[in-house]
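Participant: What shape does this take:
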Amino acid sequence: MGIQGFTKFIEDNRHLFTDCQLCNTRVVIDGNNLCYRLYFDNGLDVKHGGEYEQFSDLIKLFFNNLRTCHVEPYVIYDGAYESNDHKFVTTLDRSKRRILLSETIARDGPGHLLPALASATFKQVVSSQGVRCAQCDYEADREVVMLANSWNCPVISVDSDFFIFNIRAGYIPLNHLYWRSVCKRKTPGDQESDTGSQDKGPYLRAQVYTVDNFCSSFDGLQVEMLPLLGTLMGNDYLPVTLFQPFYSQIKLPKGDNVFFSRRYARAYGVISWLQERESLEDALHRVLNVFKKSEREDYKMMIQSSMVVYTFFESYLPDYFASGSLLCRLLTHDGYPLPEWVLQNIRQGAMPTMCLNALANHRVFLHTQIEDLSQPSANTCSLPIRVAIYNILLSHDESKALQEAPTSHKKSPQHTKEFCVQEYDRMGKDLKKTILRPEYESTRYGCLPNLAGVSALCKEDQKILLLEVLGVKVEDISQIHPCLQFTIAVLCYWIRHANPKVSHLHLYCLLLCFIRHDILSCQDSLPTELLPEPIVSTSQQGKKGKHIWTPPKSWIPRTVSAFFDKFQKGSKTRSFDLEGVHGFAQFQSCMQYTT
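Facilitator: Residues are numbered from 1 along each chain as shown. Predicted coordinates:
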């Protein structure tokens with residue numbers, strides 16, 4: 001979300017951007033923001049569970065065009081929430097708003113709610129394209145900036161916080177990167193040349209923003225003032241309402257000839273006020289003076305905590321990309337280091353954020369989908385799966401605690417309280433907190449391995465463990481093609497745990513999706529018995545032998561796509577089936593927490 005109203009303020013001052021030709025460089029990309037914007041900026045469906053195939057194509061196109069221009073992308077993902085809880089209230093408010101947004105979208109209202117498997121799809125496609133990526137210990141913004149500055153390359157994202165960071169090579173908002181169209185740069189050639197030009201290679205048009213350009217546009221504004229500007233404007237850490245006493249003391253611009261919204265007036269007013277300050281210390285001192293003396297120390301700590309978000313620190317990512325170093329700041333909730341295999345998965349971007357938050361904070365906010373709010377949350381269906389995950393994750397703190405106190409097998413009530421996960425999920429139209437306590441020795445799956453021991457399991461044992469959690473026996477799926485075994489196991493779990501129950505229509509729809517996916521992705525011709533009878537020409541009718549018709553490969557996708565086009569989501573003859581969508585939301589929840 002970033003700084004309130006600041007993106008619009010910057011966008012309406014177009015002189016703050018400089019045209020550039022993006023090519024022959026590295027770029028550091030904010031992966032979470034790119035995932036969000038690629039999905040919603042291209043009109044993909046939200047209401048019916050997501051359009052993952054089209055999303056996958058967009059991701060591939062984006063990175064293919066970068067590489068065509070010899071741009072080497074590095075995608076950085078968010079990690080766990082900060083353990084200091086500075087953004088807890090913001091996260092809580094957003095989760096509540098998503099519940100109401102779900103209802104609005106279901107009623108054909110406006111809004112963006114990322115489908116449950118969009119993030120996993122994005123990561124999977126990025127990895128399959130060979131793009132280098134990494135997951136941070138905590139939020140990615142500062143890590144992205146530090147990595148970009150270490151390589152002197154630009155940042156690509158959609159986040160107003162990056163207008164405050166001092167990025168040496170600049171910040172390119174995604175809406176200022178024209179990534180769909182690869183251009184050819186040409187310069188005047190020799191006079192003898194027939195064409196009069198010489199091809200210099202492809203590039204992408206873009207506009208880049210730098211804080212130096214911003215500060216020079218507002219004479220007297222120092223770069224060191226920008227973190228305070230971002231804080232006073234209101235960000236994810238401190239609401240702007242906190243600074244109403246400050247705004248009441250400064251002069252906000254007014255005028256009959258120029259329209260200023262309240263946010264624009266606020267931005268211009270704060271910038272003008274900062275231009276007159278001699279130093280950051282002077283500005284901070286004057287801000288604090290507007291508050292009661294008894295409150296100043298508290299306000300000072302809050303403002304400094306917000307400002308530090310925009311300052312630099314030592315990042316481990318440059319060493320990771322250079323040498324594979326696994327140095328990490330992330331610790332478990334009780335302060336223990338993580339096993340090496342977990343660190344490797346974190347750095348490779350393969351560890352779900354839900355798992356990181358359970359490990360580091362013992363607190364998880366579950367994903368809200370488009371679903372029937374009069375029914376139990378779609379995530380209720382996947383609760384046993386998540387309980388098994390929490391059992392494994394929290395066992396690390398448990399085992400470390402027992403190692404430090406081997407004679408004390410009986411934990412005190414206070415100690416026991418620490419080994420639980422706070423889950424925040426929808427109940428009706430409200431957000432409810434539930435405390436889940438692991439039971440390491442008495443799960444219905446038997447004794448689960450602890451976190452450190454998971455990597456010691458062979459692939460077959462890992463598969464058996466997963467199937468046991470899903471309540472599926474190995475022999476039940478042994479005759480199914482290996483690429484479908486996991487999906488069928490989840491489908492069986494979904495049928496048993498769905499509430500309301502799964503209908504035959506749900507199953508028919510999923511089976512049709514499986515068939516469509518397999519046919520469209522097949523590289524071989526379909527078996528003859530599945531095809532129409534061949535049309536034998538007159539010249540061939542008198543000849544002996546069996547006629548086998550193998551259509552061109554292009555015929556298959558066209559035919560299948562034409563069939564499914566009859567069931568487009570935009571059909572005006574069909575009303576929105578909230579009950580049906582809720583069932584599929586349960587299935588997606590099961591897939592989300594099993595992958």
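Participant: Any stretches of the protein with poor pLDDT?
Facilitator: 1, 186-200, 254-263, 401-418, 440-446, 519-574 (pLDDT under 70).
Participant: check contacts around Ser160.
Facilitator: Going by C-beta atoms under 8 Å, 6 or more residues apart in numbering, Ser160 touches 2-3, 6-7, 10. (Each C-beta comes from the backbone N, C-alpha and C, glycine too.)
Participant: From Tyr178, how far out is it?
Facilitator: Ser160 is 21 Å from Tyr178, where distance means C-beta to C-beta, to the nearest Å.
Participant: May I ask which helix or strand encompasses the residue nearest to Leu288 when sequence neighbours are not counted?
Facilitator: Nearest residue to Leu288, sequence neighbours excluded (C-beta to C-beta, 6 or more residues apart in numbering): Arg296, at 4.7 Å. For Arg296, the element it lies in under DSSP states H and E is helix 296-307.
Participant: one step back: out of the contacts of Ser160, who's nearest Val490?
Facilitator: Checking the contacts of Ser160 against Val490 with C-beta to C-beta, the nearest one is Gly2 at 36.0 Å.
Participant: residue contacts, the closest one?
Facilitator: Per C-beta under 8 Å, 6+ apart, neighbours of Gly2: 159-161, 235-236.
Participant: possible to save the residues you listed as a markdown table with secondary structure and distance to Thr353?
Facilitator: What follows is the contacts of Gly2, written out as a markdown table (DSSP: H, G, I helix; E, B strand; the rest coil; distance: C-beta to C-beta, whole Å):
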| residue | secondary structure | distance to Thr353 |
| --- | --- | --- |
| Asp159 | coil | 17 |
| Ser160 | helix | 22 |
| Asp161 | helix | 19 |
| Asn235 | coil | 21 |
| Asp236 | coil | 16 |
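Participant: Tell me which helix or strand Ala148 sits in.
Facilitator: Counting by DSSP H and E, Ala148 is part of helix 141-151.
Participant: in the stretch 101-250 of the chain, which spans are helices?
Facilitator: In the stretch 101-250 of the chain, the helices defined using DSSP state H, counting those that start in this stretch lie at 118-128, 141-151, 211-217, 226-232, 244-247.
Participant: What residues sit buried inside the helix or strand following the last one?
Facilitator: Read that as helix 244-247. Of the helices and strands lying after helix 244-247 in sequence (DSSP H and E), the nearest is helix 262-275. By 16 or more other C-beta atoms under 10 Å, the buried positions in helix 262-275 come out as 263-274.
Participant: now stretch 349-360
Facilitator: 349, 351-360.
Participant: Contacts for that stretch next, please.
Facilitator: Contacts for stretch 349-360 (C-beta under 8 Å, 6+ apart): 31, 75, 77-81, 83, 120, 123, 126-127, 133-135, 330-333, 338, 342, 345-346, 363-366, 389-390, 393-394, 396, 421, 593, 595.
Participant: Throw together a ChimeraX command that grabs the buried residues out of these.
Facilitator: A single ChimeraX command is used to select the members of the contacts of stretch 349-360 judged buried by 16+ other C-beta under 10 Å:
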select :31,75,77,78,79,80,81,123,126,133,134,135,330,332,333,338,342,345,346,363,364,365,366,389,390,393,394,396,421,593
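Participant: Tell me which of the contacts of stretch 349-360 fall in strands.
Facilitator: If you go by DSSP state E, those have 75, 77, 133-135, 363-365, 421 in strands.
Participant: Would you mind giving these as a markdown table with distance to Phe17 added?
Facilitator: Below are the ones in strands among the contacts of stretch 349-360 laid out as a markdown table (distance: C-beta to C-beta, whole Å):
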| residue | distance to Phe17 |
| --- | --- |
| Val75 | 23 |
| Tyr77 | 27 |
| Cys133 | 27 |
| Ala134 | 28 |
| Gln135 | 30 |
| Arg363 | 39 |
| Val364 | 39 |
| Phe365 | 35 |
| Val421 | 45 |
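Participant: of those residues, closest to Asp319?
Facilitator: Closest to Asp319, out of all of these and judged by C-beta to C-beta, is Ala134, at 10.9 Å.
Participant: Verify the contact between that closest one and Asn345 for me.
Facilitator: No. Ala134 lies out of contact with Asn345 (C-beta atoms under 8 Å); the separation is 11.2 Å.
Participant: Check which helices and strands the lengthiest helix in the chain sits against.
Facilitator: Across the chain, the longest stretch assigned as helix under DSSP state H is helix 383-404. Applying 3 or more C-beta pairs under 8 Å, 6 or more residues apart in numbering; DSSP states H and E, one finds that helix 383-404 contacts helix 353-361, strand 421-427, strand 430-436, helix 459-470.
Participant: next one: that helix to chain centre, how far?
Facilitator: Centre-to-centre, helix 383-404 and its host chain are 25 Å apart (C-alpha atoms, centre = their mean, to the nearest Å).
Participant: Next, the buried residues of that helix.
Facilitator: Result for helix 383-404 [16+ other C-beta under 10 Å]: buried residues 383-398, 400-401.
Participant: now stretch 108-120
Facilitator: 111, 113-119.
Participant: Ramachandran angles for the closest residue to Ala585 other than its chain neighbours?
Facilitator: Spatial nearest neighbour of Ala585, excluding adjacent residues (C-beta to C-beta, 6+ apart): Ala378 at 3.8 Å. Dihedral pair for Ala378: phi -60, psi -20, per degrees, to the nearest 10.
Participant: if we can go back for a sec, which ChimeraX command selects the buried ones in the contacts of Ser160?
Facilitator: Under the burial definition 16+ other C-beta under 10 Å, those of those that qualify are selected in ChimeraX by:
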select :2,3,6,7,10
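Participant: closest to Phe321 among the contacts of Ser160?
Facilitator: When the contacts of Ser160 are compared for distance to Phe321 (C-beta to C-beta), Gly2 wins out at 25.9 Å.
Participant: what about the residue nearest to Leu288, distance to Gly220?
Facilitator: 27 Å.
Participant: ditto for Leu228
Facilitator: From Leu228 to Gly220 the distance is 15 Å (C-beta to C-beta).
Participant: Pick out whichever of the two has more residues nearby.
Facilitator: Leu228 (22 against 12; other C-beta atoms under 10 Å).
Participant: ok, the more buried one - contacts?
Facilitator: Contacts of Leu228 by C-beta under 8 Å, 6+ apart are 274, 280, 283-284, 287, 303, 307.
Participant: With Val131 instead?
Facilitator: Val131 touches 63, 73-75, counting by C-beta under 8 Å, 6+ apart.
Participant: what's the answer for Thr104, then?
Facilitator: 110-111.
Participant: Arg329 too?
Facilitator: Going by C-beta under 8 Å, 6+ apart, Arg329 touches 137-138, 316.
Participant: again, 10 Å this time
Facilitator: Listed by C-beta atoms under 10 Å, 6 or more residues apart in numbering, the contact partners of Arg329 are 79, 136-138, 313-316.
Participant: ok, now Ser248?
Facilitator: Val290.
Participant: Tell me how far it lies from Phe291.
Facilitator: Taking C-beta to C-beta, one finds Ser248 at 12 Å from Phe291.
Participant: next one: Ile435
Facilitator: 37 Å.
Participant: Compare these two (neighbour count), which wins?
Facilitator: Using other C-beta under 10 Å as the criterion, Ile435 and Phe291 rank with Phe291 on top: 17 against 10.
Participant: I'd like the distance between Val28 and Pro449.
Facilitator: Between Val28 and Pro449 the computed distance is 36 Å (C-beta to C-beta).
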